[in-house]
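Colleague: Just a sequence and a predicted model for now, questions to come.
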Amino acid sequence: MSDEITWTLINTEDWGGGLERTYRARGVEHAGCGGDVLLVHLHDEEDALVHAHSHCGECGEDLTP
Ligand SMILES: [Zn+2]
């Protein structure tokens, strides 16, 4: 993840074992379709980060570095 990207929290959801937080990159678009670049963080019940992946909010393409 580039330090130059500002991530804005846009959604928080309980997936059953903790929280799933979705962030949107500010000012960054998916080069393929122009959709929002989203970053999803899965946390466990202790709020520790267990999984992170990035994808396009428009076409769903996996953008995880
Ligand atoms: Zn896309």
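Modeller: Here it is on my side, so go on.
Colleague: before we move on, what SS does residue 54 have?
Modeller: strand (DSSP: H, G, I helix; E, B strand; the rest coil).
Colleague: what residues does the protein put near the ion?
Modeller: 30, 32, 33, 35, 56, 58, 59, 61 (C-beta under 5 Å from the ion). No exception for glycine: its C-beta is placed from N, CA and C like everyone else's.
Colleague: Nearest residue to the residue nearest to the spatial centre of the chain in space, please, no chain neighbours.
Modeller: Geometric centre of the chain, nearest residue: residue 39, 1.2 Å, by C-alpha atoms, centre = their mean. Nearest residue to residue 39, sequence neighbours excluded (C-beta to C-beta, 6 or more residues apart in numbering): residue 23, at 4.4 Å.
Colleague: could you dump the helix or strand where that neighbour lies to CSV, C-alpha only?
Modeller: Taking DSSP states H and E as the definition, residue 23 sits inside strand 19-29. The C-alpha trace of strand 19-29 is given here as CSV (Å, rounded to 0.1, in the frame of the first residue of the first chain):
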residue,chain,number,x,y,z
LEU,A,19,-15.6,-6.5,12.2
GLU,A,20,-15.1,-6.0,8.5
ARG,A,21,-14.0,-2.5,7.7
THR,A,22,-14.1,-1.2,4.1
TYR,A,23,-12.0,1.8,3.1
ARG,A,24,-12.0,3.7,-0.2
ALA,A,25,-8.9,5.2,-1.7
ARG,A,26,-9.3,9.0,-2.1
GLY,A,27,-8.5,10.3,-5.6
VAL,A,28,-7.5,6.9,-6.9
GLU,A,29,-9.4,5.0,-9.6
